[in-house]
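Trainee: What follows is a predicted structure for the sequence shown.
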Amino acid sequence: MIRCENLSKSFRRARVLDGINLDIALGERIALIGSNGAGKTTLIRCLLGEYVHEGKVTIDGHAPRSDRTAVLGKIGFVPQLPPPLKMPVGQLIEFSAALSGADHAQIDAIADRLGLPVDSIRARPFNRLSGGMKQKLLIAIALGRNAKLLIMDEPAANLDPAARKIFFELLAERQHEATMIISSHRIDEVAALVNRVIEMDMGKIVLDDKVADDVSLAGVFACRLVVRREDAALAKTLASWKFTSDAAGLVWNGEVAGPDRLRFLGMLSRYVALLADLNLAEKVGAGETAR
Amino acid sequence: MKQLWLTARLDIVESLRARWFLIYSGVFGGIVALLFLFGLTESRVLGFIGLSRLLVTYIQLTMAILPIFVLITTVRSVAGDREAGVFEYLLSLPVGLAAWFWGKILGRYLVIFAPVFLAMLAAVGIAMVKEIEIPWDMFGYYTALLAAMAACFLGLGMLISAIARSTDMAQGAAFLTWLILLLFIDLILLGVLIQGRVSPEVAIGIALANPLQVFRTAALALFDPQLIVLGPAAYVILDTFGATGYKLFALAYPTALGLLAAGLGYFIFRRGDLP
């Protein structure tokens, strides 16, 4: 679906992309990782036809620069930093939907699923929304179209656990019909979302590897925690993951999205001294669990 | 066409919510209000009386303010949007580059022309209420002159925005452009001529090429047949073109210059990096 042949890009004397050769097929979910200045954003901008470059980039056989409308009509993009747009939310949705030929009701519906009721913020300027709300809206705009390629730059960074879970479900619904490129500084943030990792450094691809894909994007883990004593900070954190406790506040139950389990365990590691027991079991069917 | 109009609408909405637009509208509305407040319609200078006196003063002030305002706000918002990541996001949507660039110009044009025109229209409205005679010919020509002025400096602003890669550089270039045009208006050329440093043909050529001077001459020429307030270059120009010829030139040349600058800006924008 995507082909880069000897793709290079320089800014004055600095070579930011250096002879990238890459083939990405439909249905692949790519983690594009690397430190700052590795060339991730430049590569994304070349794919979006925003930069002129040496070499060749094609998406479904079309060059994103010369066939902009045809190529970008198939791409849903979520930037790392939301643009400081002053236009009202409703107009941003209408503008994006009108250009992409999408139904804005579908964008509204996805935003609703992510916990962002568009009707209540339709008249509010986009730049007045919170970081999480902006992120949800940009995700809804990207996923609300029939995009065959989703390019997302740290898409879940500002989302709360509940919204992350829905976000993973939304990606799971699209995984067979769309290619996904998810950019991040860190592999652990996106590892569970992808089936291929491409690491960049100094404008080159230094690692291109497949990832074991055992847990589905829509997978859910049932979790039971026992703590030695009540702790306000832990209780607050678990509540943000939608966990509920018994009357004594010692036994907690909840669900963790499959792709979020590493992040959940990372969070728990801060409270390891308080934990008496931890049980995490993947739910494989309705009401059925497997350890 | 749909993409062009969508982009124009987007720019209009963004501009209407921007602080610069409030200041811009406030300045031109305020000028008209102040001119009425100071009783300019009752005063008589160089044969101008009533609303014509007010309109002449208004167009003179507009000529001083509008170019620098349009240049600075255009380059600030366009280059600022690029720096802030607005281009990165909006140009990832399936919009053609021509529709984006010209749509932005169309939206911005309406936004910068509307306040100056509406302020003048308000002056006419007040004059009607006060039963002051309205010089419709003058009003019509000044409207056209404002439209040409807005097109000219918007085009130059878009060209600077396409060339400059940062807001600071764009602002500096816009200010320098305005300063150069200001340095080559008629009255300053007069000083150079007196010192005998340039030939009259060169001075007249510069005055004809300078849109600021073209507006200045056109605005005054119609109502000052003795050319008391005009400089020597304007005198020769009017003598050569005739009043009607110059009126048409003053509309056509700046508009063409603005379109040419915008066209060049589009060419540079299209062949370079977008964000």
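Mentor: Ah, there it is.
Trainee: Now do B:Phe28 against chain A, distance only.
Mentor: 22 Å (Cβ to the nearest Cβ, to the nearest Å). Every C-beta, even on glycine, is put in place using the N, C-alpha and C of the backbone.
Trainee: In terms of secondary structure, what does whichever strand or helix holds that residue contact?
Mentor: Applying DSSP states H and E as the criterion places B:Phe28 in helix B:19-37. Helices and strands touching helix B:19-37, as assessed by 3 or more Cβ pairs under 8 Å, 6 or more residues apart in numbering or on different chains; DSSP states H and E, comprise helix B:51-84, helix B:97-129.
Trainee: Which residues are in contact with A:Glu177?
Mentor: Residues near A:Glu177 by Cβ atoms under 8 Å, 6 or more residues apart in numbering or on different chains: A:26-27, A:148.
Trainee: where along the stretch 151-291 of chain A do the helices fall?
Mentor: Per DSSP state H, counting those that start in this stretch, the stretch 151-291 of chain A carries helices over the ranges A:161-174, A:187-190, A:232-240, A:261-268.
Trainee: deepest of those, which one?
Mentor: Comparing those by mean neighbour count (mean count of other Cβ atoms under 10 Å in any protein chain shown), helix A:161-174 ranks first with a mean of 20.
Trainee: what's the offset of the helix holding B:Phe28 from the middle of its chain?
Mentor: On the basis of Cα atoms, centre = their mean, to the nearest Å, helix B:19-37 sits 16 Å off its chain's mean C-alpha point.
Trainee: what's the neighbour count on the closest residue in space to B:Leu51 that isn't next to it in sequence?
Mentor: Once flanking residues are discounted, B:Leu51 sits nearest to B:Ala127: 4.6 Å by Cβ to Cβ, 6 or more residues apart in numbering or on different chains. Neighbourhood size, B:Ala127 [other Cβ atoms under 10 Å in any protein chain shown]: 20.
Trainee: ok, B:Ala127 - contacts?
Mentor: Residues in contact with B:Ala127 (Cβ under 8 Å, 6+ apart) are B:41, B:50-51, B:54, B:133-134.
Trainee: List the residues that contact residue 85.
Mentor: In the absence of a named chain, this looks at chain A. A:Leu85 makes contacts with A:92, A:125-127, B:14, B:86, B:89, as judged by Cβ under 8 Å, 6+ apart.
Trainee: actually it's chain B I care about, not the one you picked
Mentor: Taking Cβ under 8 Å, 6+ apart, we find B:Gly85 in contact with A:79, A:81-84, B:275.
Trainee: Skipping adjacent residues, who's closest to whichever residue of the stretch 151-275 of chain B sits closest to chain A in space?
Mentor: Ranked by Cβ to the nearest Cβ, the top residue of the stretch 151-275 of chain B for proximity to chain A is B:Leu274, at 4.4 Å. In space, B:Leu274 comes closest to A:Glu50 once its chain neighbours are excluded; the distance is 4.4 Å by Cβ to Cβ, 6+ apart.
Trainee: Would it be right to say that the one you found lies in a strand?
Mentor: No - counting by DSSP: H, G, I helix; E, B strand; the rest coil, A:Glu50 falls outside a strand, being coil.
Trainee: what residues are up against it?
Mentor: A:Glu50 neighbours (Cβ under 8 Å, 6+ apart): B:87-88, B:91-92, B:273-275.
Trainee: Any chance of these in TSV with neighbour count as columns?
Mentor: Formatted as TSV, those follow (neighbours: other Cβ atoms under 10 Å in any protein chain shown):
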residue	neighbour count
B:Phe87	19
B:Glu88	23
B:Leu91	21
B:Ser92	27
B:Asp273	17
B:Leu274	21
B:Pro275	19
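Trainee: Strands - which of the residues you listed land there?
Mentor: With DSSP state E as the criterion, strands contain none of those.
Trainee: among the residues you listed, which two are most distant?
Mentor: Spanning the widest gap among those are B:Ser92 and B:Asp273, at 13.8 Å by Cβ to Cβ.
Trainee: what about the strands in the stretch 101-250 of chain A?
Mentor: A:149-153, A:179-184, A:196-201, A:204-210, A:220-227, A:244-245 (DSSP state E, counting those that start in this stretch).
Trainee: closest one to B:Arg197 among the ones you listed?
Mentor: Taking Cβ to Cβ, strand A:149-153 is the member of these nearest to B:Arg197, at 58.3 Å.
Trainee: what residues does the closest one touch?
Mentor: Contacts of strand A:149-153 (Cβ under 8 Å, 6+ apart): A:1-2, A:40-41, A:44, A:47-48, A:59, A:74-80, A:139, A:142-143, A:171, A:174, A:178-183, B:92.
Trainee: For the stretch 101-250 of chain B, which segments are assigned as helices?
Mentor: Using DSSP H, counting those that start in this stretch, helices in the stretch 101-250 of chain B cover B:136-163, B:167-183, B:186-194, B:200-209, B:211-221, B:232-241, B:243-271.
Trainee: right, so those helices: which one is the most enclosed?
Mentor: Of the helices of the stretch 101-250 of chain B, helix B:211-221 is the most buried (mean count of other Cβ under 10 Å), at a mean of 24.
Trainee: Distance from that one to the middle of the chain?
Mentor: Remark: helix B:211-221 is offset 12 Å from the chain centroid, using Cα atoms, centre = their mean.
Trainee: packing partners for that helix?
Mentor: With contacts defined as 3+ Cβ pairs under 8 Å, 6+ apart, helix B:211-221 has these neighbours: helix B:51-84, helix B:136-163, helix B:167-183, helix B:186-194, helix B:200-209, helix B:232-241, helix B:243-271.
Trainee: Return the member of those helices having the minimum mean pLDDT.
Mentor: The minimum mean pLDDT among these belongs to helix B:186-194 (a mean of 66).
Trainee: For the closest residue to B:Leu93 other than its chain neighbours, identify the helix or strand it belongs to.
Mentor: The spatially closest residue to B:Leu93, leaving aside those adjacent along the chain, is A:Leu99, at 4.8 Å (Cβ to Cβ, 6+ apart). If you go by DSSP H and E, A:Leu99 is part of helix A:89-100.
Trainee: In terms of secondary structure, what does that helix contact?
Mentor: Under the contact criterion of 3+ Cβ pairs under 8 Å, 6+ apart, helix A:89-100 touches helix A:104-113, helix A:118-121, helix A:131-143, helix B:2-16.
Trainee: Could you give me the buried positions within the last one?
Mentor: Of the residues in helix B:2-16, those scored as buried under the neighbour-count criterion (16 or more other Cβ atoms under 10 Å in any protein chain shown) are B:3-4, B:6-15.
Trainee: Between helix A:89-100 and it, find me the angle.
Mentor: Between helix B:2-16 and helix A:89-100, the angle comes out at 160 degrees (axes from the mean of the first three to the mean of the last three Cα atoms, to 10 degrees).
Trainee: Name the residues that touch helix B:2-16?
Mentor: A:85-88, A:91, A:95, A:98-99, B:21, B:77, B:90, B:95-96, B:98-100, B:102-104, B:106-108, B:110-111.
Trainee: Sounds good, over and out.
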